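[1] The sequence and its predicted three-dimensional model are supplied below.
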Amino acid sequence: MLDPISIDMSSLNVATLIPMGIILFGALTILVIDLVTDKLSKSFYVMVSELFVLLALGAALGFNGASRGMFDVMLIDGISMLGQAIILIASALFIPLALSSRRFHEFSYPEFFALFLFMIAGFQFMVTSDNLILIFIGLETASLALYTLIAMHNRDRSFEAAIKYFTMGAMAAGFFVFGSMILYALTGSVEIHKIAASLELKHYQPISAVLLAVIFMIGAIGFKLSMVPFQTWVPDVYEGASAALAGYMSIVPKIAGFIVAMRLFEFMIHAQIPWVQDLLWWVAVLTMTLTNIMALAQESVKRMLAYSSISHAGFAMSAILIGTTQSNSALFLYWILFTFTNLGAFTMLWVSRHKASEKLHGTRFDHPYEKFSGMIKIMPVNAVIMAIFILSLAGVPPFSLFWGKLYLMSSAVNAGFVSLAVIMGINSAISVYYYLKLIVYMFLYEPKTNDGTIYMKNASTTLKTIIGLAAFATLFAIFMTGSLLDTITKYVSASGY
């Protein structure tokens, strides 16, 4: 008779699951409440969702136990804590936007908030594990929920966007599975730290199989990060989603992808495998350059911001190529500053949304440049706030992203990637043109119409608070960047990156 298997519960370190458990419990709670009664307003679900997100944020930042748990599947280190912090803070900023307007009916469905929480949990699992199977489960959980959230916007373009996203996501999932299968066949493990040790012992042989696995993984993660040539879905999907959700999509899925890429590729970078460095170099450079050029030709501010967010992802991807503690710290600093700036910019598109834009401006886009003509004369405060976000995205000092770009470029120079730093500087200069184009429309052009309904004059207190917080962080980042970078560096160094 076989002896019973005994499991020491203390060795499981169940505490590693608490932040994700809180989010999942919140999602299930919303579904149960909806089954019991359908008479509760969206304000209730907003408050419930916000409560669980803030509780999860406290649990994530307050974790002080062993780094591994659940049979070593979970990994709570400094990198995962930073990733969870960005995911949960961005989510906490997004959820109250549901109170800002009654125009978007998806916010009236409790299922929207449940799906949103399931999506957050999926991203959390991606950043809190180096097990390829759990990363894949988190990726698919988040992606399937996000497809549905986009489709719930309930426009023809929303359905089209969701289908495009689903199709490309299915291909990326296939890439991830094939890459994981090859790595498992080579090493006998699906845990990244064991894969790294095994490949190092085998001196990364056979080289053709390792190369194929890396290509598949770059394809899978490149889709999530919208790297060239996997970026084609981004403008159409962002156009079909609501402006606020598009802003959220430009931030949270990408930080999860960056952390997976950091864990997966940096041990190869440290092993100085030339072809891995070459592949990532070309991916990063082409992403930041080609999408910058594409942004120049856009007639829609929303599509311009979509392409610019891809270019910013190329900047951040450079940090993984560099692979030093300084570059990884710069990546997190860059993305924290980008979170406030880009979510603020997309939220301002939300403020200026107008259903009659096609009739007013003769374009199929909701946010053509012409709609912002003379905004300074119609809504001067809105124009100034939007200008702050745009100047920050352009990297103009003293606004927040200037410091993110500065630290990232300095990490490239210090690591010997001088040519990469030069390319980053050139791309920053290129981006100034299309960012300033919007400012020219807002401040120098005459208004196309005097109808104040183009802009949401009576924005809710919640919306004003979110925009004000984002603008404050963007404008006064110079006073907090140093201490923030020190904190980030401490977490990154403790994780061994």
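    Received it, and whenever you're ready, just let me know what you need.
[2] pLDDT score assigned to the residue positioned nearest the centre of the chain?
    Nearest to the geometric centre of the chain sits residue 251, at 2.3 Å (CA atoms, centre = their mean). We have a pLDDT of 90 for residue 251.
[3] any chance you could map the helices in the stretch 351-497 of the chain?
    For the stretch 351-497 of the chain, the helices defined by DSSP state H, counting those that start in this stretch cover 357-361, 375-378, 380-393, 400-414, 418-444, 461-475, 481-494.
[4] Minimum distance to residue 346: which of those has it?
    Closest of the helices of the stretch 351-497 of the chain to residue 346 is helix 380-393, at 9.0 Å (criterion: CB to CB). C-beta: built from backbone N, CA, C; applies to glycine.
[5] That closest one - contacts with which helices or strands?
    Applying 3 or more CB pairs under 8 Å, 6 or more residues apart in numbering; DSSP states H and E, we find helix 380-393 packed against helix 301-322, helix 325-351, helix 375-378, helix 400-414, helix 418-444, helix 461-475.
[6] what angle sits between the fifth one and helix 400-414?
    Orientation note: helix 418-444 sits at an angle of 170 degrees relative to helix 400-414 (axes from the mean of the first three to the mean of the last three CA atoms, to 10 degrees).
[7] Helix 418-444 packs against which elements?
    For helix 418-444, the packing partners by 3+ CB pairs under 8 Å, 6+ apart are helix 274-296, helix 301-322, helix 375-378, helix 380-393, helix 400-414.
[8] List the buried residues for the third one?
    Residues of helix 375-378 classed as buried under the neighbour-count rule (16 or more other CB atoms under 10 Å) are 375, 376, 378.
[9] Can you tell me which of the residues you listed is nearest residue 335?
    Looking across the buried residues of helix 375-378 and measuring by CB to CB, the closest to residue 335 is residue 375, at 28.6 Å.
[10] pretty sure the closest one contacts residue 383?
    Yes. Contact criterion CB atoms under 8 Å: residue 375 and residue 383 qualify, at 4.2 Å.
[11] okay, and the common contacts of those two?
    442, 443 (CB atoms under 8 Å, 6 or more residues apart in numbering).
[12] Please work out which of the helices and strands packed on helix 418-444 is packed deepest.
    helix 301-322 (a mean of 26; mean count of other CB atoms under 10 Å).
[13] returning to that earlier point: any chance of the helices and strands packed on helix 380-393 in CSV, plus mean pLDDT and distance to residue 109?
    Shown next, in CSV, are these (pLDDT from 0 to 100; distance: least, CB to CB, whole Å):
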stretch, mean pLDDT, distance to residue 109
helix 301-322, 90, 24
helix 325-351, 89, 19
helix 375-378, 84, 33
helix 400-414, 92, 35
helix 418-444, 91, 33
helix 461-475, 84, 19
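[14] From residue 307, how far off is residue 313?
    As for residue 313, its distance to residue 307 is 11 Å (criterion: CB to CB, to the nearest Å).
[15] ok, now residue 250?
    Applying CB to CB, the value for residue 250 to residue 307 is 11 Å.
[16] Just the angle for the helix or strand encompassing residue 266 relative to helix 274-296, thanks.
    Residue 266 belongs to helix 252-270 when elements are defined using DSSP states H and E. With the same axes, to 10 degrees as the basis, helix 252-270 and helix 274-296 are set at 150 degrees to each other.
[17] Now residue 225. Its backbone dihedrals?
    Main-chain torsions, residue 225, degrees, to the nearest 10: phi -90, psi 0.
[18] roughly how far apart are it and residue 172?
    10 Å.
[19] Which one's more surrounded, the two?
    With neighbours defined as other CB atoms under 10 Å, residue 225 and residue 172 compare such that residue 225 has more, 26 against 21.
[20] OK, contacts around that one?
    254, 257, 258, 261, 313, 317.
[21] Please pull out the lowest mean pLDDT helix or strand from the chain.
    Here the helix or strand of the chain ranked lowest by mean pLDDT, DSSP states H and E is helix 357-361, holding a mean of 47.
[22] For the closest residue to residue 169 other than its chain neighbours, give its distance to residue 27.
    The shortest distance from residue 169 to any non-neighbouring residue, by CB to CB, 6 or more residues apart in numbering, is to residue 143 (4.9 Å). Remark: distance between residue 143 and residue 27 (CB to CB) = 16 Å.
[23] Kindly report the same for residue 276.
    38 Å.
[24] now do residue 108
    Per CB to CB, residue 108 is found 18 Å from residue 27.
[25] cool, and residue 196?
    Using CB to CB, residue 196 is found at 34 Å from residue 27.
[26] same thing with residue 340?
    26 Å.
[27] In terms of neighbours, single out the busier of these two.
    residue 340 (26 against 23).
[28] in terms of contact, does the more buried one touch residue 475 like I think?
    No. If you go by CB under 8 Å, residue 340 and residue 475 don't touch, sitting 10.0 Å apart.
[29] list residues touching both of these two?
    residue 400.
[30] so residue 115 touches residue 147, yeah?
    No. Applying CB under 8 Å as the test, residue 115 and residue 147 come out as separate, 9.6 Å apart.
[31] buried stuff in the longest helix seen in the chain?
    Across the chain, the helix with the greatest residue count (assigned by DSSP state H) is helix 156-187. Buried residues in helix 156-187, counted by 16+ other CB under 10 Å: 157-158, 160-162, 164-166, 168-169, 172-173, 175-176, 178-180, 182-183, 186-187.
[32] report the angle between the axes of that helix and helix 252-270?
    30 degrees.
[33] sorry, back to before: so how far is residue 205 from the residue nearest to the centre of the chain?
    For residue 251 relative to residue 205 (CB to CB), the value is 39 Å.
[34] Same question for residue 78.
    Residue 78 is 32 Å from residue 205, by CB to CB.
[35] ok, these two, which is more surrounded?
    Legend: neighbour count by other CB under 10 Å for residue 78 and residue 205, higher for residue 78 (21 against 10).
[36] can you pull the contacts of the more buried one?
    Residue 78 touches 490, 491, 492, 493, 494, 495, counting by CB under 8 Å, 6+ apart.
[37] mind listing what the closest residue to it other than its chain neighbours touches?
    Computed as CB to CB, 6+ apart, the closest residue to residue 78 that is not its neighbour in sequence is residue 491, at 3.2 Å. Residues in contact with residue 491 (CB under 8 Å, 6+ apart) are 78, 79, 81, 82, 332.
[38] Could you dump those residues into JSON lines and include secondary structure?
    Output for the contacts of residue 491, formatted as JSON lines (DSSP: H, G, I helix; E, B strand; the rest coil):
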{"residue": "78", "secondary structure": "helix"}
{"residue": "79", "secondary structure": "helix"}
{"residue": "81", "secondary structure": "helix"}
{"residue": "82", "secondary structure": "helix"}
{"residue": "332", "secondary structure": "helix"}
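[39] can you put those residues in JSON lines and add distance to residue 350?
    Formatted as JSON lines, the contacts of residue 491 follow (distance: CB to CB, whole Å):
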{"residue": "78", "distance to residue 350": "34"}
{"residue": "79", "distance to residue 350": "32"}
{"residue": "81", "distance to residue 350": "30"}
{"residue": "82", "distance to residue 350": "28"}
{"residue": "332", "distance to residue 350": "27"}
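[40] What subset of the residues you listed is buried?
    The buried subset of those - by 16+ other CB under 10 Å - is 78, 79, 81, 82, 332.
[41] low pLDDT regions in this protein?
    1-11, 100-106, 154-156, 352-366, 449-460 (pLDDT under 70).
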